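>>> sequence and predicted model, in that order:
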There are 2 protein chains.
Amino acid sequence: MDFNFPAIGIVHSCFKEKFGIPRQPGLAPLACAEIELLPPYDDPTAFEGLEGCTHLWIQFVFHVNRHANRHANKREEWKARVKPPRLGGNKTLGVFATRSPTRPAPIGLSVVRYRGISEREGKLFVQVSGVDLLDGTPVLDIKPYVPYVDCVLEAENTFAAAPPELIAVDIPAALMAVCIDYWKRTGTDLAGLITQVLQQDPRPQYQQPDPDRIYGMKLLDLDVRWRYQLSENQHRIQLIELLQTQHTNPNP
Amino acid sequence: MDFNFPAIGIVHSCFKEKFGIPRQPGLAPLACAEIELLPPYDDPTAFEGLEGCTHLWIQFVFHVNRHANRHANKREEWKARVKPPRLGGNKTLGVFATRSPTRPAPIGLSVVRYRGISEREGKLFVQVSGVDLLDGTPVLDIKPYVPYVDCVLEAENTFAAAPPELIAVDIPAALMAVCIDYWKRTGTDLAGLITQVLQQDPRPQYQQPDPDRIYGMKLLDLDVRWRYQLSENQHRIQLIELLQTQHTNPNP
């Protein structure tokens, strides 16, 4: 029994690759995205009333995934047991006890902050923040968050009881100057965004950080590079380079 | 751009028709359902770890809906503006500002309480409660509720700020005796379930209740019938009949 659904929109996100995306929404509040609505869903009347909502559910397709169904009607592979990065990548759980992207119906679910709606060059966009969405993600549905229903105060989850621990991020003065210049040019709080993203520690948890290795991720229109330092038995991240990329669309 | 997803399971619910189903999950905690997993998703190892979760997200297909895509690959109709019953059925909102089942990708989202997993006659079932799911609903995905992510304490929604107001439900002594007998036979707290469901007032909010009309809904293996009474300027529901149906499967 199969069901076919249209994408109503496409995500334009600050996250240009999978590596480094926070493992859940809300962990990097400055992470912004806009959802470009595709015709015929680019009808402003379909969004009347969103102004009464502070948060939205985004239901989306995990489209970049070795098991994902890259083409409509191609059945994806799935595994009954997965190794969630949150548990260090060496414990297994049943796929339905996790939020793993590798699942029979690879539909993601993220709550994001609603920032507004805008029209530009004949296109309609929904702005959101606090995202964990990869650039290019197809969106299946946008729903209002209904606090009295969706916020279950008595709920417990022993495998994901609290947010991941944060690690310190050092931005050297020369790179802070680059961030301030970027902020002046674009209005984006780059230092804040980099800190919120890197303090999640994007590194796979089962790897010991290698102090000689340079790690990197694409964020906005930048290549962001860092190292790990061990200080007082705690790992810290030191930002070492911010390179403007040639080919990446910086939006949003 | 279309995406094709398998149903991983089918809901067997106490709600045998759309009328009377609470408008959100959690409003009738005694409303139980079980999700029968379909092959090849009926693999118990795929559910290892659910015991650490008190609540689950069910992503499902709104399958009985005049606009729904009854057959895979048939594009459903949708309307940009809808009249949510919650607002009395006479105000319009954009479809994406509502949880209306009539939407471009008719994928429903409900948080339910996890009750356990069981095998019976070679089939695997996930038991849940607090459901707003119609019997026969195809399930696309089951995900753990992650409180620190999904429970957004600062979220607001001005169009659905609080649960609907409840109305009083009177169960006459003769019908209470039927409920007690049902409870002894099946273990189901029928009086409690009927009260939780009817106190939501299933009647369309834009209709004035007609004191001469008999309202009814199918619940479990019963036809439940009631009237409205006006008392001290408030409507009350009086249960008037509980009839065993011949053809309905009482499960769960």
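Here it is on my side, so go on.

>>> can you pull out the helices in chain A?
Applying DSSP state H to chain A gives helices spanning A:147-150, A:173-186, A:190-198.

>>> to chain B, which of those helices lies closest?
helix A:147-150 (4.4 Å; Cβ to the nearest Cβ). All C-beta spots, glycine's among them, are computed from the backbone N, C-alpha and C.

>>> next, the buried residues of the closest one.
For helix A:147-150, burial by neighbour count (16 or more other Cβ atoms under 10 Å in any protein chain shown) applies to A:147, A:148, A:149, A:150.

>>> show me the shaky parts of the stretch 51-200 of chain A.
The stretch 51-200 of chain A contains residues with pLDDT under 70 at A:65-76.

>>> all strands for it, in order.
Taking DSSP state E, counting those that start in this stretch as the test, the strands found in the stretch 51-200 of chain A are A:55-61, A:81-82, A:93-94, A:107-120, A:123-129, A:138-144, A:168-170.

>>> count the residues that sit near residue A:211.
10 (other Cβ atoms under 10 Å in any protein chain shown).

>>> circling back to that earlier point, could you dump the strands of the stretch 51-200 of chain A to a markdown table with distance to chain B and mean neighbour count?
Shown next, in a markdown table, are these (distance: least, Cβ to the nearest Cβ, whole Å; neighbours: other Cβ atoms under 10 Å in any protein chain shown):
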| stretch | distance to chain B | mean neighbour count |
| --- | --- | --- |
| strand A:55-61 | 4 | 23 |
| strand A:81-82 | 5 | 20 |
| strand A:93-94 | 4 | 22 |
| strand A:107-120 | 6 | 19 |
| strand A:123-129 | 8 | 20 |
| strand A:138-144 | 4 | 25 |
| strand A:168-170 | 21 | 17 |
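
>>> please identify which of the ones you listed is closest to residue B:19.
Closest to residue B:19 of the strands of the stretch 51-200 of chain A is strand A:138-144 (Cβ to Cβ; 22.8 Å).

>>> which strands border that closest one, and is each parallel or antiparallel?
Sheet pairing for strand A:138-144, assigned by DSSP bridges, gives strand A:9-13 (antiparallel), strand A:55-61 (antiparallel).

>>> using CSV, lay out those together with distance to residue B:13.
Shown next, in CSV, are those (distance: least, Cβ to Cβ, whole Å):
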stretch, distance to residue B:13
strand A:9-13, 32
strand A:55-61, 22
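
>>> do you know which of those strands lies nearest residue B:183?
Shortest distance between residue B:183 and those, using Cβ to Cβ, is found for strand A:55-61: 37.1 Å.

>>> re the thing from before, okay, the strands of the stretch 51-200 of chain A in CSV with distance to residue B:128 next?
As requested, the strands of the stretch 51-200 of chain A are arranged in CSV below (distance: least, Cβ to Cβ, whole Å):
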stretch, distance to residue B:128
strand A:55-61, 19
strand A:81-82, 22
strand A:93-94, 16
strand A:107-120, 17
strand A:123-129, 29
strand A:138-144, 20
strand A:168-170, 41
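
>>> can you say which of those strands is nearest to residue B:207?
strand A:138-144 (25.1 Å).

>>> that closest one vs strand B:107-120, what angle?
Strand A:138-144 and strand B:107-120 are oriented at 100 degrees to each other (axes from the mean of the first three to the mean of the last three Cα atoms, to 10 degrees).

>>> strand A:138-144 vs strand A:123-129, what angle?
70 degrees.

>>> contacting residues around strand A:138-144?
Residues outside strand A:138-144 that contact it (Cβ atoms under 8 Å, 6 or more residues apart in numbering or on different chains) are A:5-11, A:35, A:49-50, A:52-53, A:55-61, A:63, A:107, A:126, B:1, B:3, B:96-99, B:103-105, B:107, B:109, B:157, B:159-160.

>>> try it again at 6 Å.
Identification of contacts with strand A:138-144 by Cβ atoms under 6 Å, 6 or more residues apart in numbering or on different chains yields A:5, A:7-9, A:35, A:53, A:56-57, A:59-61, A:63, B:96-97, B:99, B:105, B:107, B:157.

>>> kindly report the same for stretch A:185-199.
A:20, A:28, A:30, A:166, A:167, A:169, A:171, A:179, A:182, A:183, A:237.

>>> 7 Å instead, please
Outside stretch A:185-199, the residues within contact range by Cβ atoms under 7 Å, 6 or more residues apart in numbering or on different chains are A:14, A:20, A:22, A:28-31, A:166-167, A:169, A:171, A:176, A:179, A:182-183, A:219-220, A:224, A:226, A:237, A:239.

>>> which parts of the stretch 151-252 of chain A sit against chain B?
Residues of the stretch 151-252 of chain A found near chain B (Cβ under 7 Å from any Cβ of the partner chain) are A:151, A:152, A:153, A:155, A:156, A:157, A:158, A:159, A:160, A:162, A:163.

>>> just the closest of the residues you listed to residue B:134, please.
Of all these, residue B:134 sits closest to residue A:152, with 21.6 Å by Cβ to Cβ.

>>> tell me who's in contact with the nearest residue to that closest one once chain neighbours are set aside.
In space, and not counting its chain neighbours, residue A:152 is closest to residue B:55: 5.4 Å by Cβ to Cβ, 6 or more residues apart in numbering or on different chains. By Cβ under 7 Å, 6+ apart, residue B:55 lies in contact with A:152, A:155, B:111, B:112, B:113, B:114, B:145.

>>> same list (the residues you listed) but as TSV, adding distance to residue A:43.
TSV is the format used below for the contacts of residue B:55 (distance: Cβ to Cβ, whole Å):
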residue	distance to residue A:43
A:152	33
A:155	35
B:111	29
B:112	32
B:113	37
B:114	38
B:145	32
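
>>> residues near the nearest residue to residue A:205 once chain neighbours are set aside, how many?
In space, and not counting its chain neighbours, residue A:205 is closest to residue A:88: 4.6 Å by Cβ to Cβ, 6+ apart. Using other Cβ under 10 Å, residue A:88 is surrounded by 12 other residues.
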